[in-house]
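# Got a predicted structure here, sequence first:
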Amino acid sequence: MWIEGASNFAPMVDLHMNIINAVTIVCFVLTNAVLIYFVIRYRKRSDKDQTSSIAHSTWIEVTWTIIPTIVFFTLFAIGLVGFRQMRAAAAGIREINVYGTQWSWDFYYPANLRTDKTKTSQLKSPTNELYLEDGVPVKFIIKATDVLHSFFVPAFRVKEDAVPNMYTYMTLTPQISEEQKKNGFGVYDIFCAEYCGRDHSRMLGKVTILPSAAFKAKMLELEKEESNVSPAVGAKIYESNCKSCHSIDGSKIVGPSFKGLWGKNEAIESGESIARDENYVRESILQPGAKIAKGYQNLMPPQTLTDSQISSMIEYLKTLK
Ligand code: CUA
């Protein structure tokens with residue numbers, strides 16, 4: 001395979017794929033070779049040529065039934081073993097919630113990864129950023145908040161649909177690929193593999209596999225940022241959540257630019273002039289459709305930010321003069 005493998009399933013899936021490719025190539029070459037040979041060997045040589053009368057050949061029919069049956073059942077057996085492993089989660093396995101939303105991914109980590117043991121709420125990483133600990137098995141519990149999506153990490157060789165009103169799951173053990181071991185960590189693509197609307201092709205994320213110490217440091221960083229309200233935290237949120245639709249240099253992308261936005265009175269769709277203040281920003285993050293800036297369309301999905309993250313966003317907006 002030409003895509004890095006970064007999970008316990010990668011070698012097995014690659015083997016399976018290679019066997020299927022080999023069988024396909026062998027069958028293609030064999031059937032075409034026989035076809036060409038027959039075309040030449042049994043071509044019509046004169047107008048008197050007649051096809052000989054052959055009813056059937058038992059041994060040929062038995063052979064072409066038994067050999068493919070063995071091949072297909074072998075492929076099925078390998079697939080079944082892998083499928084069972086992908087569905088089996090050990091008791092106490094680390095559970096990570098995955099939410100697919102038009103058009104981004106959100107990841108929540110169990111509260112027992114917190115340093116502050118008095119808090120019981122899940123930890124959240126920035127949108128479209130997933131962090132995993134090298135060699136520690138995880139169970140992804142997957143859900144869509146709006147329409148069908150599909151959580152696909154090619155390097156893990158796994159894919160699972162994200163469905164509204166229903167939880168799906170898969171398990172695997174992340175492992176830093178051989179190619180990226182020298183860096184000490186591995187970074188891989190996350191795709192949405194189910195057409196889910198206009199920006200389906202931009203529903204991209206990154207998964208970072210970290211060694212144990214770095215992973216714990218990352219979780220501590222997430223924990224601290226939760227209660228840390230600052231423009232710097234807001235800038236990070238901007239990078240992961242807002243950047244693709246809102247510029248900070250005044251240029252118009254999908255939505256209004258954030259440059260110089262703070263504190264201004266500007267028109268919304270109804271024609272009314274509304275102050276771009278704390279309440280407007282908060283409402284526009286949580287319910288983007290409530291007040292649409294004049295001249296723009298209602299395209300923004302609601303964002304999953306906590307109160308302190310919204311406050312950080314506000315602090316960041318204030319700096320964009
Ligand atoms: Cu989400 Cu395609």
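Received the coordinates, thanks. Residues are numbered from 1 along each chain as shown.
# In contact with Arg94, which residues?
With contact taken as C-beta atoms under 8 Å, 6 or more residues apart in numbering, Arg94 is in contact with 110, 113, 133, 136-139. All C-beta atoms are positioned from the backbone trio N, CA, C, and that covers glycine.
# any low-confidence regions in the protein?
1 (pLDDT under 70).
# can you list the residues of it near the ligand?
Within the chain, the positions near the ligand by C-beta under 6 Å from any ligand atom are 100, 103, 149, 192, 194-196, 200, 203.
# where exactly do the strands run in the stretch 201-321 of the chain?
205-210, 265-267, 273-275 (DSSP state E, counting those that start in this stretch).
# Surely Arg282 and Ile310 touch.
Yes - using C-beta atoms under 8 Å, Arg282 is in contact with Ile310, at 5.4 Å.
# More neighbours: which of the two?
Taking other C-beta atoms under 10 Å, Arg282 and Ile310 do not tie; Ile310 has more neighbours (19 against 16).
# Make sure the more buried one is actually in contact with Glu283.
No - Ile310 is beyond contact range of Glu283, at 10.1 Å (criterion: C-beta under 8 Å).
# Can you give me the neighbour number for Ile274?
18.
# Val29 now?
10.
# how close does it get to Leu123?
54 Å (C-beta to C-beta, to the nearest Å).
# helix/strand/coil for Ala169?
One correction, residue 169 is Tyr, not Ala. strand (DSSP: H, G, I helix; E, B strand; the rest coil).
# Okay, and which of the contacts of Arg94 map to strands?
133, 138-139 (DSSP state E).
# Now the buried members of those.
Neighbour counting by 16 or more other C-beta atoms under 10 Å classes 133, 138-139 among the ones in strands among the contacts of Arg94 as buried.
# For Ser150, see how far away the one residue in the stretch 201-321 of the chain that gets nearest to the ligand is.
Nearest to the ligand in the stretch 201-321 of the chain, going by C-beta to the nearest ligand atom, is Met203, at a distance of 4.2 Å. Met203 sits 10 Å away from Ser150, going by C-beta to C-beta.
# list residues touching both of these two?
Common neighbours of Met203 and Ser150 (C-beta under 8 Å, 6+ apart) are 100, 192.
# now do the same end-to-end measure for stretch 166-174.
25 Å (C-alpha to C-alpha, to the nearest Å).
# Please enumerate the helices of this structure.
With DSSP state H as the criterion, the chain has helices at 10-41, 58-87, 212-227, 231-237, 278-286, 307-319.
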